[in-house]
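make a model of this:
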Amino acid sequence: MASPKDLPAPEHGLLLTHFLTVSDVAVSRRFYADVFDGEVVMEENPAIVKVANSWIIMNPGGGPTPDKPDVTLQVPRRGDPVTSFLNVRVADMAAFHAHAVAQGARFLTEPIDRTSELRCYLRDPDGYLIEVGQSTGLIKGIQADAASN
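Purely as a prediction, here's the structure:
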């Protein structure tokens, strides 16, 4: 377990974390630690995995609470429309893709060269969509064709 300094608790200002409602905390925790070389900061209640300069926080779903009335947390169901996704940027797409596949990640496609970036998508154990991209042309001012977004 990591030290308290690795928890998402800023001394000033703010930081962003990403919360996921998961069906199996151990499976999701292992996925984010293995595929993204994350550091498990807390095992559960909630599970927290530090990934690069961010944190993924995971807990099972549940009904409303006093601080979030009328809100029910649940994992996505197969076929649900996607309304948001995790966007991960990597320095070396080929190396990341090979590592992730070796860890059991299943991508929707191989990385595709979109002129501005190399990009591909995968799903986590609960079906959350994750975009993985490497800026290539974009860092030279070349943008993707609007039709390919």
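
and the pLDDT for residue 2?
For residue 2, the pLDDT comes out at 62.

any idea how far the spatially most central residue of the chain is from residue 122?
Geometric centre of the chain, nearest residue: residue 86, 4.5 Å, by C-alpha atoms, centre = their mean. To residue 122, residue 86 is 10 Å away according to C-beta to C-beta, to the nearest Å. (C-beta placed from N, C-alpha, C; glycine too.)

now residue 49
Per C-beta to C-beta, residue 49 is found 16 Å from residue 122.

between these two, who's got more neighbours?
Set residue 49 next to residue 122 and count neighbours by other C-beta atoms under 10 Å: residue 49 wins out with 24 against 21.

wait, doesn't that one sit right on residue 26?
No - taking contacts as C-beta atoms under 8 Å, residue 49 lies outside contact range of residue 26: 11.8 Å.

related to what we said a few turns ago, quick check: neighbours shared by residue 86 and residue 122?
Residues touching both residue 86 and residue 122 by C-beta atoms under 8 Å, 6 or more residues apart in numbering: 129, 130.

domain ranges for this protein, per the record?
Using automatic domain parsing, the domain parsing of the chain gives 1-62, 76-149.

and the ones you listed: which comes nearest residue 69?
Residue 69 sits nearest to domain 1-62 of all the domains of the chain, at 12.9 Å, using C-beta to C-beta.

got the contact list for residue 36?
Contact analysis of residue 36 by C-beta under 8 Å, 6+ apart lists 49, 51, 52, 88.

please name the nearest non-neighbouring residue to the last one.
Once flanking residues are discounted, residue 88 sits nearest to residue 132: 4.9 Å by C-beta to C-beta, 6 or more residues apart in numbering.

strands along the protein, start to end?
18-21, 39-42, 47-51, 54-59, 86-89, 112-113, 117-123, 129-135 (DSSP state E).

could you dump the last one to PDB, C-alpha only?
Below are the C-alpha coordinates for strand 129-135, written out as PDB (Å, rounded to 0.1, in the frame of the first residue of the first chain):
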ATOM      1  CA  LEU A 129     -14.700   2.800 -22.900                       C
ATOM      2  CA  ILE A 130     -11.100   4.000 -22.800                       C
ATOM      3  CA  GLU A 131      -9.500   6.000 -25.600                       C
ATOM      4  CA  VAL A 132      -5.700   5.700 -25.900                       C
ATOM      5  CA  GLY A 133      -3.900   8.100 -28.100                       C
ATOM      6  CA  GLN A 134      -0.400   9.300 -29.100                       C
ATOM      7  CA  SER A 135      -0.200  12.800 -30.500                       C
END
